[in-house]
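> What shape does this take:
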Amino acid sequence: MHIALAIPEIVQGIFAQVDTLPGTGRGDLASAARCCRHLSEPALDRLWSRMWDLRSLLNLLDGLVEEDGICILRGKVHRKEWTRFTSYAARIRVLYYTNNPQTPPSIDASVFIQIGRLSQGKLLFPRLIALYFTASRFPVPELLLFKAESLLDLEFTCWNSTNMDYALANYLTSLPDSCRLRSVLFSGRTSKLSVASLARFPLLKLTVTDVPWDVDSKMLGVISGLDCLTELVLDLKNINFDSLDVPRDACTALESLNIDGSLHTMSSFLKKFPGPSSRLRSLSLFQSTIIVPSSEELPVLVDAWRDLFFAIARYSSTLRTIMGDSSAVFWSASDLPISGMRILEPLLACKCIDNFFMFHFPPLWFTNHDIDIIASAWPALIVAHFPISPPAGAPSPTALYAFAKHCPHLDDLQISVDTRDTRVKLATVRGAPVRHSLRRLRIETPLVESTAADVLALFVAMFPQLDTIGSDSNPEVWEGVNGLLTEYRARTAE
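Coordinates of the predicted model:
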């Protein structure tokens, strides 16, 4: 055996790579565990570190039998097999578990009750760092078996039982005081009581989604008290703003917020939470309400977006990333002129923006002057994906020069331009100082083949580092432009 294999860190690194091999990795680890006494322990540690089916562990107990699609434990568990069981349980670091009685063979609750008695209060999974628990039945005696002071990540989903509230809260309360839980996800029929039980942990990330109860003032009070929280994902579809009062110092450590709800709900929420003292850097908005607006309703919708963006502007001094998506919205009046500047104007106060994404919005109209104002307001841009504009409401290709002038760090740009505009003014660009690193450009409007060469020449002059141009609109023409760009780069490289 090579002397390097005497160093545990090297062996662990090798087995970590072997575990990633598709198809053969797990088998190779099993072979290493059987063929060499020195490699057996680290190979078994890696092989058992991630568990998708708890039956693999329970099968180490000789008395486990299956009857009518249900696993039960018969007879006495002897000391030798219990020692073997606990030694392998101690290797598990990541556990995925579902207690679904509809998927045979299911494990009867009595099995976990017996194991709990045998453990005599000792931790069965002392090295567990992540638990992904999906509950489909109640009671859940097995939940208390998964206590570990090393636990860092918990995801708990419950769908069919309304009696899970106290079980989950009891589990969180029973975790050792030394547990440093950092990330929690609650989904389905979990309870407010469960969230309230998190106050004792230095939690960094909390996700609450698809819950049947209202996010109310009391709940936000609990969340506001999580002093270490840096990332929050919240479903606002059932939010209740009655007597909502958020202290000024709420969630001062919060840096990332991801919310899902209607425009009005998100706007009302952001006007109060998090507190103005927070260091919010990243904000993701998902507008999931299905809307089919008429031409008369569109102005109201535009005002709703403006109101939301004014609420976002509260965090203008720290906010760097804004991502908005309304993929569940269907637009029936796409040809109506909707001013993009009127919607985005409140966000121009956020001078630190470096990532801006707006997906599946109504088609917005921008003028060349609008683009110049936006580019000059956001000089730190690195990635910018703007909503699609109809050809009649898109700026000319020359307007993109504003990004070349004002945004030297921009690397990825998605925008609509009116490529039918043949007034390509290369003289405006050539000879002007360009400090630009843009490499990827995506144009969300059709390209007229007769002007393709002129448009390409303009883009290359504005963005000397450009190496990719893409589009979903008449892709065959844009593919030809990309080919011309490749040829041009090859010639200049020579």
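> care to break the chain down by domain?
Using automatic domain parsing, the domain parsing of the chain gives 1-48, 50-213, 234-364, 382-494.
> would you turn those into CSV with mean neighbour count, distance to residue 225 and mean pLDDT?
For every residue, glycine as well, the C-beta is placed using N, CA and C. Listed next are the domains of the chain as CSV, based on neighbours: other Cβ atoms under 10 Å; distance: least, Cβ to Cβ, whole Å; pLDDT from 0 to 100:
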stretch, mean neighbour count, distance to residue 225, mean pLDDT
domain 1-48, 14, 38, 76
domain 50-213, 17, 6, 85
domain 234-364, 17, 8, 80
domain 382-494, 17, 34, 76
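> so which of the ones you listed gets nearest residue 224?
Closest of those to residue 224 is domain 234-364, at 3.6 Å (criterion: Cβ to Cβ).
> Which among the domains of the chain is found nearest to residue 371?
Among the domains of the chain, domain 382-494 comes nearest to residue 371, with 4.4 Å by Cβ to Cβ.
> Nearest to residue 374, out of the domains of the chain?
domain 234-364 (6.8 Å).
> by contact count, what packs against whichever strand or helix holds residue 115?
Using DSSP states H and E, residue 115 falls within helix 109-119. On a contact count with 3 or more Cβ pairs under 8 Å, 6 or more residues apart in numbering; DSSP states H and E, helix 109-119 meets strand 70-73.
> contact partners of the strand it packs on?
55, 58, 61, 63-66, 101, 104-108, 110-111, 114-115 (Cβ atoms under 8 Å, 6 or more residues apart in numbering).
> Can I get the helix holding residue 115 as CSV, trimmed to CA atoms?
Coordinates of each C-alpha in helix 109-119 appear next as CSV, following Å, rounded to 0.1, in the frame of the first residue of the first chain:
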residue,chain,number,x,y,z
ALA,A,109,-44.5,3.0,13.9
SER,A,110,-44.0,0.2,16.5
VAL,A,111,-40.5,-0.4,15.0
PHE,A,112,-39.4,3.1,15.9
ILE,A,113,-41.0,2.9,19.3
GLN,A,114,-38.9,-0.3,20.0
ILE,A,115,-35.7,1.3,18.7
GLY,A,116,-36.4,4.4,20.9
ARG,A,117,-36.6,2.1,24.0
LEU,A,118,-33.4,0.3,23.0
SER,A,119,-31.5,3.6,22.6
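> and the very next helix or strand once past it, what other elements does it pack with?
Sequence order places strand 130-135 as the next helix or strand after helix 109-119, per DSSP H and E. Contacts defined by 3+ Cβ pairs under 8 Å, 6+ apart place strand 130-135 against strand 94-99, strand 153-158.
> Serialize those strands to CSV and add fields for distance to residue 252.
CSV is the format used below for the helices and strands packed on strand 130-135 (distance: least, Cβ to Cβ, whole Å):
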stretch, distance to residue 252
strand 94-99, 32
strand 153-158, 24
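> how about residue 311, secondary structure?
Put simply, residue 311 is helix when judged by DSSP: H, G, I helix; E, B strand; the rest coil.
> contacting residues around it?
So residue 311 contacts 266-268, 270-271 (Cβ under 8 Å, 6+ apart).
> do residue 282 as well
Contact analysis of residue 282 by Cβ under 8 Å, 6+ apart lists 255-257, 319-321, 323.
> Strands - which of those residues land there?
Judged by DSSP state E, the subset of the contacts of residue 282 located in strands is 256-257, 321, 323.
> Now do the helix holding residue 115 against strand 94-99, angle only.
Helix 109-119 runs at 140 degrees relative to strand 94-99, counting by axes from the mean of the first three to the mean of the last three Cα atoms, to 10 degrees.
> So what touches helix 109-119?
Here helix 109-119 makes contact (Cβ under 8 Å, 6+ apart) with 58, 64, 71-73, 77, 82, 86, 124, 139-142, 144-145.
> can you give me the helices for the stretch 301-450 of the chain?
340-344, 368-377, 401-406, 426-429 (DSSP state H, counting those that start in this stretch).
> which secondary structure elements does the first one contact?
In this case it means helix 340-344. With contacts defined as 3+ Cβ pairs under 8 Å, 6+ apart, helix 340-344 has these neighbours: helix 298-312, helix 368-377.
> distance between the first one and the chain's centre?
By that I understand helix 298-312. 25 Å (Cα atoms, centre = their mean, to the nearest Å).
> same deal with the shortest one?
Computed by Cα atoms, centre = their mean, the separation of helix 368-377 from the middle of its chain amounts to 30 Å.
> ditto for stretch 273-280
Here the centre of stretch 273-280 is set off from its chain's centre by 20 Å, with Cα atoms, centre = their mean.
> all strands for the stretch 151-300 of the chain, in order.
Under the criterion DSSP state E, counting those that start in this stretch, strands of the stretch 151-300 of the chain are mapped to 153-158, 183-188, 205-209, 231-235, 256-261, 282-287.
> could I get the ones you listed as JSON lines with distance to residue 15?
Putting the strands of the stretch 151-300 of the chain into JSON lines (distance: least, Cβ to Cβ, whole Å) gives the following:
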{"stretch": "strand 153-158", "distance to residue 15": "22"}
{"stretch": "strand 183-188", "distance to residue 15": "26"}
{"stretch": "strand 205-209", "distance to residue 15": "29"}
{"stretch": "strand 231-235", "distance to residue 15": "31"}
{"stretch": "strand 256-261", "distance to residue 15": "34"}
{"stretch": "strand 282-287", "distance to residue 15": "36"}
